[in-house]
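Trainee: Next come a sequence and a model predicted from it.
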Amino acid sequence: AATRNATDTLTPPLSFIDCHAMEETISILRLVFVFAFYVVASSALSISGKAGGAGLNSRRDFLSAAGASGLIIPRFSPTAAAVSSDGVAYRPVAVVGASGRTGALCVASCLKRGIPVRALTRSGEWHPPASDAEDASSSLYTINDKLLSIQQCDAHDPTALETGVEGCRGVIFAASASKKGGKANEIDNEAAVAAGRACIAKGVPRYIVISSTAVTRPKSLGYKFTNVYQNIMGEKRSGELGVMNSYKESTTSSYTIIRPGGLEEPKRNTVLGPSALELSQGDALAGIISRADLAEVAVEAALAQSRNLQDTSFELYYTDGAQPCEGRFKSLLQSGEVSRLHGDTYEALFRGLNRDGEYFMPA
């Protein structure tokens, strides 16, 4: 495979064809063929009418006349056409760590959109996330068995990860260290890298990693406070670097690393949407974000075809809570050296992103 560098332009493969546009093309083709049938069949009918006075009295007569003229009648279906282009829009999104609080919301976000989703969990079980407004036994989400598949997948096992992500259009890595799931070096580092390599091996176009703000800022309070637990910030950063290195040679798959600010819950674990969000790059600014909004952004990134999201990292938080992750970065809130991205839609929100290595990284 050709090596990509910071100046390469990544041309999306055929599998990235927008299926809505494809369906419109198919509809136009149908009309063209129907018109062709009419013209050729009428001609055939005219010939046969001169010979024997036969008339075009039924749909069967019409098709017979067209067939007699040598015209082959093709059958089109949007699904068949999409499959011929690798069927990306009909393939599921897989969520590694789907039983966790953020992972469960990622699964629910896919179901809400009517998108096939594969919940990859250690136990092989998945439960919908509970609504903040109701108790833990209830949920705002309805499980659609036609869209949802649940698969046992041990994030420690590279072979299981390859099996879990095979045939997917995108993968979201939402797993993190826990008492039952594994230590930080095993999950936030090694498993994150292994899942990315599995995506490359199986030709999965998009890989989304949920990391954390301040992972490159060991002097920040956020890093120091969080890193007390199993050196988790250091392991997350090692995982990021492992993913970046793995994708250097890939020309068919791309990654996006999302660095959310402090996860505010449960009092605000609702979706406020893109207009409330801010993205930045350079790991200098931070803030707070709900798991619900984080899940929405992760799913949108997994589905997106934009080059802006390919092989990039960004910070995510609410605009009204933006702050420097270290005091020395306070001037960056106003200076414009670090782009603060906003938008009323997710597409607009992502538009100003740059690939890793192509944006300002404060020292």
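Mentor: Thanks, I have the structure now. Numbering: from 1, shown residues only.
Trainee: Output the below-cut-off pLDDT ranges for this protein.
Mentor: For the chain, applying pLDDT under 70 flags the ranges 1-87, 131-143, 265-268.
Trainee: how about residue 346, what does it touch?
Mentor: Contacts for residue 346 (CB atoms under 8 Å, 6 or more residues apart in numbering) come out as 274, 296, 297, 300, 304. (C-beta placed from N, C-alpha, C; glycine too.)
Trainee: right, and out of these, which lies closest to residue 246?
Mentor: For those, the minimum distance to residue 246 (CB to CB) is 20.3 Å, reached by residue 304.
Trainee: who's in contact with that closest one?
Mentor: 206, 346, 347, 350.
Trainee: What's the local residue count around the last one?
Mentor: Right, the one you point to is residue 350. 22 (other CB atoms under 10 Å).
Trainee: How about the third one?
Mentor: Residues within reach of residue 347, counting by other CB under 10 Å, total 13.
Trainee: Would you tell me what helix or strand it is located in?
Mentor: helix 346-350 (DSSP states H and E).
Trainee: follow-up on the earlier one: in helices, which of the contacts of residue 346 fall?
Mentor: 296, 297, 300 (DSSP state H).
Trainee: Excluding chain neighbours, what is closest to the last one?
Mentor: I take that to be residue 300. The shortest distance from residue 300 to any non-neighbouring residue, by CB to CB, 6 or more residues apart in numbering, is to residue 346 (4.3 Å).
Trainee: Against residue 109, how distant is the one you found?
Mentor: Distance, residue 346 to residue 109, by CB to CB, to the nearest Å: 12 Å.
Trainee: Any chance of the backbone angles for the nearest residue to residue 294 once chain neighbours are set aside?
Mentor: Among residues not flanking residue 294 along the chain, residue 260 sits closest, at 4.8 Å (CB to CB, 6+ apart). For residue 260, the backbone dihedrals (degrees, to the nearest 10) come out as phi -70, psi 150.
Trainee: Over to the residue positioned nearest the centre of the chain: give its phi and psi.
Mentor: Closest residue to the average C-alpha location of the chain: residue 302 at 0.8 Å, with CA atoms, centre = their mean. With angles defined as degrees, to the nearest 10, residue 302 sits at phi -70, psi -30.
Trainee: Help me confirm that it comes into contact with residue 206.
Mentor: Yes: contact criterion CB atoms under 8 Å: residue 302 and residue 206 qualify, at 5.2 Å.
Trainee: hey, what's in contact with both of these two?
Mentor: 169, 170, 171.
Trainee: The first one reaches residue 89, doesn't it?
Mentor: So the one you mean is residue 169. Yes: with contacts counted by CB under 8 Å, residue 169 reaches residue 89, the gap being 7.3 Å.
Trainee: right, and residue 260 touches residue 209 too?
Mentor: No: using CB under 8 Å, residue 260 is not in contact with residue 209; the gap is 11.2 Å.
Trainee: Neighbour count for those two, which is higher?
Mentor: Neighbour count, other CB under 10 Å: between residue 260 and residue 209, residue 209 has more, with 27 against 23.
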